[in-house]
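Novice: Provided below for reference: sequence and predicted model.
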Amino acid sequence: MKVKNLLDPSVQQQVIERINNLSPQSKSLWGKMNVGQMLTHVQRVMAVAYGTFQLKTNFLLKLIGPFLKSGLYNEKPYKHGLPTHKSYVVTDEKNFANEREKLIEMIEGFSEQAIVNTQHPVFGSMTKEEWGKSLWKHLDHHLQQFGA
């Protein structure tokens, strides 16, 4: 798998095109979320980089997180069914159109200047390139989950 960088405007456009291929009827190929919940989930992950979502963590995660960090942006795809941090779990129903619009706005606004969080609450210090690659990889994982 070739990891792309969400800081690249052409990559942002590719991701937005994939998001626009989703519909409220898009079915998950794995996992428990519906498509609206997935759109909210990936927004929360992006919002950590923006500094607008506080991820609550514990000592153990902070201790082991830095050793797992490279898995966020390396060439190895995420496995299906990896555990999700409880702060990122979305169980309530979401309005697909609203969530899609918010996510697209976040992606269009994603830039080096928009990344205010240089410390991930679990994985430790993150460069802007690491943020860009890890957010692309996370988005790619979930877009594949819904066939986009």
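Specialist: Thanks, I have the structure now. On a predicted model such as this, the values are computed, not experimentally measured, just so you know.
Novice: Flag the shaky bits of this structure, pLDDT-wise.
Specialist: Scanning the chain for pLDDT under 70 picks out 60, 62-67.
Novice: in this structure, which spans are strands?
Specialist: Along the chain, the segments classed as strands by DSSP state E run 119-120, 124-125.
Novice: Show me what stretch 6-15 is in contact with.
Specialist: Under the contact criterion CB atoms under 8 Å, 6 or more residues apart in numbering, stretch 6-15 has outside partners 4-5, 107-108, 110-112, 128-129, 131-133, 135-136, 139-140, 143. (C-beta placed from N, C-alpha, C; glycine too.)
Novice: show me the contacts for the closest residue to residue 55 other than its chain neighbours.
Specialist: Leaving aside its sequence neighbours, residue 55 sits nearest to residue 121 (CB to CB, 6 or more residues apart in numbering; 4.4 Å). Applying CB under 8 Å, 6+ apart to residue 121 gives the contacts 48, 54, 55, 56, 57, 62.
Novice: What about the contacts of stretch 6-15, which are in helices?
Specialist: 107, 108, 128, 129, 131, 132, 133, 135, 136, 139, 140, 143 (DSSP state H).
Novice: The first one: neighbouring residues, count only.
Specialist: Meaning residue 107. 21 (other CB atoms under 10 Å).
Novice: what about the residue of the chain positioned farthest from its centre, distance to residue 122?
Specialist: Outermost residue of the chain with respect to the C-alpha centroid, by CA atoms, centre = their mean, is residue 59; its distance is 22.9 Å. Here residue 59 is placed at a distance of 11 Å from residue 122 (CB to CB, to the nearest Å).
Novice: Let me see the contact set for the residue nearest to residue 56 when sequence neighbours are not counted.
Specialist: Nearest residue to residue 56 in three dimensions, chain neighbours excluded: residue 87, at 5.6 Å (CB to CB, 6+ apart). Going by CB under 8 Å, 6+ apart, residue 87 touches 44, 53, 54, 55, 56.
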